[in-house]
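**Student:** need coordinates for the below:
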Amino acid sequence: PGKYSEIDEILELIKVGGFYIIDDMLAQPNWPERHQENVNKLIEYLENRKDFNLTKLNWSTGLVIATRKN
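**Tutor:** Numbering: from 1, shown residues only. A predicted model of the protein is given here:
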């Protein structure tokens, strides 16, 4: 759950060239109602950050790799 509630704190710990891997980003049948909204907001937030490159992978439960830029 920290990937939603503590995202700023997590990303501040990543050095230039470092990366953060987030799993469980594709819809799952056991997700609670409205959880997809949390996922969508997180991805939008990461896409709008200028200090990270984002790669989204449609693999397994869904992965997002965020890499810190200079």
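**Student:** buried residues, the one helix or strand Thr67 maps to. List them.
**Tutor:** Assessed by DSSP states H and E, Thr67 sits inside strand 63-68. Applying a neighbour-count criterion of 16 or more other CB atoms under 10 Å, one finds Leu63, Val64, Ala66, Thr67, Arg68 buried in strand 63-68. (C-beta placed from N, C-alpha, C; glycine too.)
**Student:** and for stretch 28-40?
**Tutor:** Of the residues in stretch 28-40, those buried (16+ other CB under 10 Å) are Val39.
**Student:** what do you get for stretch 10-17?
**Tutor:** Leu11.
**Student:** and the end-to-end length of that stretch?
**Tutor:** 15 Å (CA to CA, to the nearest Å).
**Student:** quick one: average pLDDT of that stretch?
**Tutor:** Stretch 10-17 carries an average pLDDT of 97.
**Student:** residues contacting that stretch, please?
**Tutor:** Identification of contacts with stretch 10-17 by CB atoms under 8 Å, 6 or more residues apart in numbering yields Gly2, Lys3, Tyr20, Arg49, Asp51, Phe52, Ala66, Thr67, Arg68, Lys69, Asn70.
**Student:** residues touching the fourth one, list them.
**Tutor:** Pointing back at Arg49 there. For Arg49, the contact set (CB under 8 Å, 6+ apart) comprises Leu11.
**Student:** again, but for the second one
**Tutor:** In this structure, Lys3 makes contact with Ile10, Ile22, Leu42, judged by CB under 8 Å, 6+ apart.
**Student:** and the residues you listed, which is closest to His35?
**Tutor:** Nearest to His35 among the contacts of Lys3 is Leu42, at 10.8 Å by CB to CB.
**Student:** next, the closest one: phi, psi?
**Tutor:** phi -60, psi -50 (degrees, to the nearest 10).
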